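In: okay, predicted coordinates and the sequence, questions at the end:
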Amino acid sequence: MKILWLSWKDIAHPEAGGAEQVMHELSLRLRAEGHEVTILTVGYKGAKKHDTIDGINVIRIGTNRYLHSFQALWYYLRKLRNKFDIVVEIVNTAPYFSVFFKGRSKAALFYHQLAREIWFLETGFPLNYLGYYLLEPSATRLLSASKTPVVTVSNSTKQDLVRYGFKANDMNIISEGSHIAPVDGLQEVTKFPQPTILSFGALRSMKRTLEQVKAFEIAKKTIPELQMKIAGSDKGEYAEQVKAYIAQSPYKNDIAVLGRVSDAEKIRLMRKSSCIVVSSIKEGWGLIVTEANSQGTPAVVYDVDGLRDAVKDGISGYVTQPNPQALAVGIEALLQDEKEYRTLQKNAYELSKTVTFDQSYLDFKKALEIT
């Protein structure tokens, strides 16, 4: 079969993230089974317009995030329409609306998450109000009217889409996947000498890193030896706010801001830390949680879309109300009861082993009836 992806980014894009990783892994498996895969995506500085990555054809059109959707759709209509068996559109804030122009091709929409609250954290006035109240709701309802099959990665996103007119029976949840292999066994896991919480991810307002720091300060009063490590891009206005706050904290010497780290260091930090904390405004699936779980590290997370899917509250970690005080209580509960910690650690580790790209691919093929 011939499959076309419509996606804002491909795996080679400098800002590629989890969604692109999932698309690439699914594409690799499609290629391995003899299918032809093409990605229509946006360009970036130094990128080739026509490229091949791991046997996957890549066509890059335009360089502007929002104009790209219209440019790519025009290119599709002129040169690609009716040339593919399946067209899969990854919907990421600015849709292509390809389902209305698909021609004879079978179509599917792939949602990792809706932006929703992220508009208020990542954009300014008036775009934040336009996006939240008009642009995204209108686009989502319009796409729901197409009655196109949907693929998503969590029940949270599924329920989000139902609110905008999609039918639950038209949606298929597939497993997320992880590049990080689970540690051979928990007996291989050794932690830092002092209890350490890990914050991993770019210091962006949607990640609410500052709230994690405040939770650390609260928990530190109960667990005096507690340490915190923050890894991820520390550039930008919000990152500067976080670093300025830390500089004034009475516990600044117990907080390490590491910036970007290598993949090897990421795994080491996950394995050595006592727990990972995640406080995003929302996620498609809390993949960073699953990755940490695979290294023997349970999580304390906010009760938001995606994170409540990745953590089974009280079984593989703790899900708290979205505020620093509640997050601190979860950290304290996890780290102060060794027996409970070992139980949650084991459950989290076992759960992580079920989240694989191989399972994701099987789910994806079934959802799209790919033979």
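Out: Here it is on my side, so go on. Numbers count the residues shown, from 1 in each chain.

In: mind listing what's buried along stretch 85-103?
Out: Taking 16 or more other CB atoms under 10 Å as the basis for neighbour counts, the residues of stretch 85-103 that come out buried are 86-99, 102. No exception for glycine: its C-beta is placed from N, CA and C like everyone else's.

In: which of these sits closest to Arg260?
Out: Set against Arg260, the nearest of the buried residues of stretch 85-103 by CB to CB is Asn92 (22.9 Å).

In: state the pLDDT value of that closest one.
Out: Confidence per residue is given as pLDDT, and for Asn92 that number is 85.

In: got it, and the one 4 residues further on?
Out: Confidence per residue is given as pLDDT, and for Tyr96 that number is 93.

In: how about it, secondary structure?
Out: Per DSSP: H, G, I helix; E, B strand; the rest coil, the secondary structure class of Tyr96 is coil.

In: any idea how far it is from Ala19?
Out: Between Tyr96 and Ala19 the distance, using CB to CB, to the nearest Å, works out to 14 Å.

In: for Pro298, same thing?
Out: Distance of Pro298 to Ala19, given as CB to CB: 25 Å.

In: what do you get for Leu30?
Out: The gap separating Leu30 from Ala19 is 16 Å, by CB to CB.

In: these two: who's more crowded?
Out: Leu30 (22 against 19; other CB atoms under 10 Å).

In: what about that one, helix or strand, and which?
Out: Mapping Leu30 onto the secondary structure by DSSP states H and E places it in helix 18-32.

In: one more: Ala333?
Out: For Ala333, the secondary-structure element it belongs to, assigned by DSSP H and E, is helix 324-336.

In: give me the distance between that helix and the centre of its chain.
Out: Chain-centre distance of helix 324-336: 24 Å, with CA atoms, centre = their mean, to the nearest Å.

In: packing partners of it?
Out: helix 209-222, strand 275-278, strand 299-302, strand 317-320, helix 338-352 (3 or more CB pairs under 8 Å, 6 or more residues apart in numbering; DSSP states H and E).

In: list the residues that contact Thr196.
Out: The contact partners of Thr196, by CB atoms under 8 Å, 6 or more residues apart in numbering, come to Leu226, Gln227, Met228, Lys229, Lys272, Ser273, Ser274.

In: C-terminal to the lowest-mean-pLDDT helix or strand in the chain, what's the next element?
Out: Here the helix or strand of the chain ranked lowest by mean pLDDT, DSSP states H and E is helix 118-122, holding a mean of 65. Scanning forward in sequence from helix 118-122 by DSSP H and E, the next helix or strand is helix 127-130.

In: buried set for that next one?
Out: Within helix 127-130, the residues that qualify as buried are Asn128, counting by 16+ other CB under 10 Å.

In: and what of stretch 191-211?
Out: Using 16+ other CB under 10 Å as the test for burial, stretch 191-211 gives 195-211.

In: please flag which of those sit within strands.
Out: Cross-referencing the buried residues of stretch 191-211 with the strands (criterion: DSSP state E) gives Thr196, Ile197, Leu198, Ser199, Phe200 as the overlap.

In: show me the strands in the stretch 1-150 of the chain, by range?
Out: With DSSP state E, counting those that start in this stretch as the definition, the stretch 1-150 of the chain shows strands at residue ranges 2-6, 36-41, 50-53, 56-60, 86-91, 106-111, 150-152.

In: nearest to Thr290, out of the ones you listed?
Out: Smallest distance to Thr290 across the strands of the stretch 1-150 of the chain (CB to CB): 16.2 Å, for strand 150-152.

In: counting by contacts, list what the closest one packs against.
Out: Contacts of strand 150-152 with other secondary structure elements, assessed using 3+ CB pairs under 8 Å, 6+ apart, are made with strand 106-111, helix 155-162, strand 171-173, helix 357-368.

In: deepest in the core, which of the ones you listed is it.
Out: Between the helices and strands packed on strand 150-152, strand 106-111 has the highest mean count of neighbours, a mean of 22, where neighbours are mean count of other CB atoms under 10 Å.

In: distance from it to the middle of the chain?
Out: Here strand 106-111 shows a centroid-to-chain-centroid distance of 18 Å under the convention CA atoms, centre = their mean.

In: now stretch 81-90
Out: Here the centre of mass of C-alpha atoms in stretch 81-90, compared against the chain's by CA atoms, centre = their mean, lies 24 Å away.

In: can you list the domains in this protein?
Out: With automatic domain parsing serving as the domain definition, the record reports that the chain contains domains spanning 2-177+356-368, 186-352.
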